[in-house]
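A.B. asks: predicted model and sequence follow; I will ask about them next.
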Amino acid sequence: MFNESTTLAVLNRLLNPVGVLAALLLALYIHDEPLDGYYIVLGIIVFFLSAQLFEDVSLMQPCGRFRPLNGFVSIVIAWSMTVAAVVFLGYVTRLEDHFNMDVMWVWVLIVPFLLFMAHALTRVYVRLTYEHGQTRRGVIIGANELGLRLFHRLQNNDCLMTRMLGFFDDRLPDRLSPDAQALYLGHPRELDAYINQHRVDVIYIALPISQKDRITALLNHLKDTTASVYLVPDIFTYDLIQARIDQVGGVPVIAVLETPFISIHAFNKRVTDLVLASVILLLISPLLLIIAVAVKLSSAGPIIFKQRRYGLNGDEIVVYKFRSMHVCEDGGTIEQAKKTDPRVTPIGAFLRKSSLDELPQFVNVLQGRMSIVGPRPHAVAHNEMYRKLIPGYMLRHKVKPGITGWAQVNGLRGETDSLEKMAARVQYDLNYMRKWSLSLDLMIIAKTIWLVFKDAKAY
């Protein structure tokens, strides 16, 4: 029998880009168009683009909880980003005239449906394979909270292709939780006989890191088995951000607090920012001119208000806004804007309410100081105050600040007039860093546009 987990790993990585290429070939066949050099180059570019942009559209989601509509929407979002990147490249290189637009339209329309069917069929294959027992069989040493969490994650996800059998623990069953008691297999000294009798393929050691001697003894003992052995570090007690296993000079390390924007993710994020910011600035340039004239004519002072903020890694940056107040505060003490704030100009009140005062920050995005989506930057004076009051406050600066963010679309836009509100905003910012994906960014942008027209919390 071939290795099912390897097969799934290959499918998970290649299904989407291969499906995109297959759709292109089908579109060419439908219109009787030859596969010439330009289409070959397009296919190569799209293969690598979709391999990255479809990374969030994974087969490894829990199969039992898969929702077809959500899956289709994820495919459409990823494909839309891929198409946008291809259109942008075609415009820049002036190569769009070399392609049959009828072929392109058919290709664009059939990809989501073709990929959705491919995902559905693959999940049927996984389900049948799982039901026929062609899976790895695993046990866990350590019937504690960590072991139970691992058991349920593996047991409830058919796509991981591991059938969990139960727990070994050196405590008596009556000292275990009810859930663990029902899955108790015996004392670790009985493990050898159980492995031989039940063909165990994988063993997870879920013991506290503090029990070093016990873990070492188990690892030495398990060298006499052909089962794969995994050590599950008990790091869930920490407040993790982008936790993962990595290597530094060949030495394995565990990332506990890390930015999501490293390696290819940093490239994807930057390219998305550049493309969207360029298109948006081009579209809103007449509006920018009108607002600039209105600000200049409505009150004395500069059109653009420049304020120092903290950017990536806590480095100081200068952020642009249309001036909305009679004052331009950027000192050691800055008072947040309030409702009916006398410092706000008449045109400034409208700009703040509609968030139009933030539009110049798309220039900050092009400069690389900001991102379209990320934690909102606070004035330097506010940073210095809140970093002493809110644990983990400065972690939000492990990513570039954004024009809009996860906190803002979840009701925390506008004045934070209490420590609790700022702490809640920080927690949303940290959750954004934990859950980041390009599809999440697009969802936040869409929600921001909706809120601009109906949110009453900005002033």
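C.D. replies: Arrived safely. If you're wondering where the values come from, they're calculated on a predicted model, not measured in any experiment.

A.B. asks: correct me if wrong: L389 contacts V426.
C.D. replies: No. With contact defined as C-beta atoms under 8 Å, L389 does not reach V426; the gap is 10.2 Å. Where you see a C-beta, it was placed from the backbone N, CA and C, and this is true even at glycine.

A.B. asks: more crowded one of these two?
C.D. replies: Neighbours were counted for L389 and for V426 using other C-beta atoms under 10 Å; V426 has more, 22 against 10.

A.B. asks: for the more buried one, grab phi and psi.
C.D. replies: Recorded main-chain torsions at V426 are phi -60, psi -40, according to degrees, to the nearest 10.

A.B. asks: quick check, it in contact with R396.
C.D. replies: Yes. Contact criterion C-beta under 8 Å: V426 and R396 qualify, at 6.1 Å.

A.B. asks: how long is stretch 242-257 end to end?
C.D. replies: End-to-end distance for stretch 242-257, by C-alpha to C-alpha, to the nearest Å: 6 Å.

A.B. asks: could you chop this protein up by domain?
C.D. replies: Domain ranges of the chain: 4-131, 136-237, 264-454, per automatic domain parsing.

A.B. asks: now the strands for the stretch 201-350 of the chain?
C.D. replies: 202-205, 228-231, 244-248, 251-255, 304-310, 316-322 (DSSP state E, counting those that start in this stretch).

A.B. asks: mean pLDDT and mean neighbour count for the ones you listed - can I get that in JSON lines?
C.D. replies: What follows is the strands of the stretch 201-350 of the chain, written out as JSON lines (pLDDT from 0 to 100; neighbours: other C-beta atoms under 10 Å):
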{"stretch": "strand 202-205", "mean pLDDT": "91", "mean neighbour count": "20"}
{"stretch": "strand 228-231", "mean pLDDT": "87", "mean neighbour count": "14"}
{"stretch": "strand 244-248", "mean pLDDT": "72", "mean neighbour count": "9"}
{"stretch": "strand 251-255", "mean pLDDT": "74", "mean neighbour count": "11"}
{"stretch": "strand 304-310", "mean pLDDT": "88", "mean neighbour count": "18"}
{"stretch": "strand 316-322", "mean pLDDT": "91", "mean neighbour count": "18"}
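
A.B. asks: for this structure, which spans come out with low pLDDT?
C.D. replies: Residue ranges of the chain with pLDDT under 70: 1-10, 56-67, 130-134, 157-160, 235-240, 243, 247, 326-342, 414-417, 453-459.

A.B. asks: got a list of what P173 touches?
C.D. replies: Contact analysis of P173 by C-beta atoms under 8 Å, 6 or more residues apart in numbering lists 181, 184.

A.B. asks: ok, it to I140 distance?
C.D. replies: 15 Å (C-beta to C-beta, to the nearest Å).

A.B. asks: residues near the residue nearest to L389 when sequence neighbours are not counted, how many?
C.D. replies: Closest residue in space to L389, ignoring its immediate chain neighbours: L419 at 6.0 Å, by C-beta to C-beta, 6 or more residues apart in numbering. L419 sits with 12 neighbouring residues when counted by other C-beta under 10 Å.

A.B. asks: same deal with G43?
C.D. replies: Residue neighbour count, defined by other C-beta under 10 Å, stands at 16 for G43.

A.B. asks: correct me, but it touches A22?
C.D. replies: No. G43 is beyond contact range of A22, at 10.2 Å (criterion: C-beta under 8 Å).

A.B. asks: next, the residue nearest to S371 when sequence neighbours are not counted: phi, psi?
C.D. replies: Of all residues beyond its chain neighbours, the one nearest S371 is K400 (4.2 Å), with distances taken as C-beta to C-beta, 6+ apart. Here is the backbone geometry of K400 (degrees, to the nearest 10): phi -70, psi 140.

A.B. asks: contacting residues around K400?
C.D. replies: Here K400 is in contact with 261, 311-312, 368-371, 374 (C-beta under 8 Å, 6+ apart).

A.B. asks: need the max-distance pair from the residues you listed.
C.D. replies: Greatest spatial distance among the contacts of K400 (C-beta to C-beta): F261 and R369, at 14.4 Å.

A.B. asks: follow-up on the earlier one: between the domains of the chain, which one is nearest to V256?
C.D. replies: For V256, the closest of these is domain 136-237, at 6.5 Å, according to C-beta to C-beta.

A.B. asks: and that closest one, how far out from the chain's middle?
C.D. replies: Domain 136-237 has its C-alpha centroid displaced from the chain centroid by 30 Å (C-alpha atoms, centre = their mean, to the nearest Å).

A.B. asks: how close does L288 get to L366?
C.D. replies: Remark: distance between L288 and L366 (C-beta to C-beta) = 13 Å.

A.B. asks: more neighbours, the two?
C.D. replies: With neighbours defined as other C-beta under 10 Å, L288 and L366 compare such that L288 has more, 17 against 14.

A.B. asks: show me the helices in the stretch 51-200 of the chain, by range?
C.D. replies: For the stretch 51-200 of the chain, the helices defined by DSSP state H, counting those that start in this stretch cover 68-93, 101-131, 145-155, 178-181, 191-198.

A.B. asks: figure out which of these is closest to L283.
C.D. replies: Nearest to L283 among these is helix 68-93 (14.0 Å), distances taken as C-beta to C-beta.

A.B. asks: okay, the angle between that closest one and helix 101-131?
C.D. replies: 140 degrees (axes from the mean of the first three to the mean of the last three C-alpha atoms, to 10 degrees).

A.B. asks: mind giving me the packing neighbours of helix 68-93?
C.D. replies: For helix 68-93, the packing partners by 3 or more C-beta pairs under 8 Å, 6 or more residues apart in numbering; DSSP states H and E come out as helix 4-30, helix 37-53, helix 101-131, helix 264-298, helix 438-454.

A.B. asks: any idea of the angle the first one forms with helix 37-53?
C.D. replies: Pointing back at helix 4-30 there. Orientation of helix 4-30 against helix 37-53 (the same axes, to 10 degrees) gives an angle of 140 degrees.
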